[in-house]
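[1] Model the structure of this input:
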Amino acid sequence: MFFYVCLYNCGSLKSVKMGDNVVWIGLSAFKGCHALGDIYLSSIVPVKVAASAFTSEHYEKVILHVPESAIDAYRAADVWKEFKNIQAYETAGIDDCEMNTVACEYVGGGVRFVGVHNEPLSVYNTDGALVKNFITYSGETIALEKGIYIISVGDANTKIVLK
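    Got it, this is the predicted structure:
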């Protein structure tokens with residue numbers, strides 16, 4: 001999904017939540033949105049954004065809410081780093097999930113993988129039994145119950161805890 005001037009001059013807009021499907025915020029997307037106070041981003045990879053999407057007023061007063069595991073990435077990313085108030089929120093409960101360029105996050109009863117492109121992915125329980133084995137694509141969500149799992153993608157392995 002792309003945002004281009006779609007919210008331009010929405011003077012009464014107070015907050016906006018952007019899902020994982022937002023990949024680009026374009027020119028002047030939030031200009032004229034003077035009441036905007038909160039932006040919630042669910043992507044653990046900073047969304048690409050045009051420098052003119054926000055105004056200096058936004059950088060000063062808007063609170064940017066990002067997943068706890070992504071706060072450092074947003075604080076370092078172009079445009080996002082201009083926001084004076086970036087706050088982390090705890091995602092629904094996934095710990096220890098970083099594998100080189102593969103990241104994952106808990107979303108509505110499942111785990112979404114980012115940075116995986118047509119690669120075999122295996123999920124094991126703590127007894128070493130294979131739970132799921134499939135080819136996954138970046139952004140795909142798989143259903144997993146609460147528990148501790150070992151995720152294997154290529155040569156990379158990591159433990160995740162779903163709370």
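[2] So for the chain, the centremost residue is which one?
    Geometric centre of the chain, nearest residue: Ser43, 1.3 Å, by Cα atoms, centre = their mean.
[3] That one contacts Trp24, correct?
    No - Ser43 is beyond contact range of Trp24, at 11.4 Å (criterion: Cβ atoms under 8 Å). Placement of C-beta: from N, CA and C, glycine included.
[4] related to what we said a few turns ago, name the helix or strand for the residue nearest to the centre of the chain, please.
    Assessed by DSSP states H and E, Ser43 sits outside every helix and strand.
[5] How about the one 10 residues further on?
    Assessed by DSSP H and E, Ala53 sits outside every helix and strand.
[6] give me every residue that touches Ile148.
    Neighbour list for Ile148: 125-126, 159-162 [criterion: Cβ atoms under 8 Å, 6 or more residues apart in numbering].
[7] Report pLDDT for it.
    For Ile148, the pLDDT comes out at 78.
[8] Most neighbours of all the contacts of Ile148, which one?
    Highest neighbour count within the contacts of Ile148: Ile160, with 20 neighbours (other Cβ atoms under 10 Å).
[9] Fine, thanks again, bye for now.
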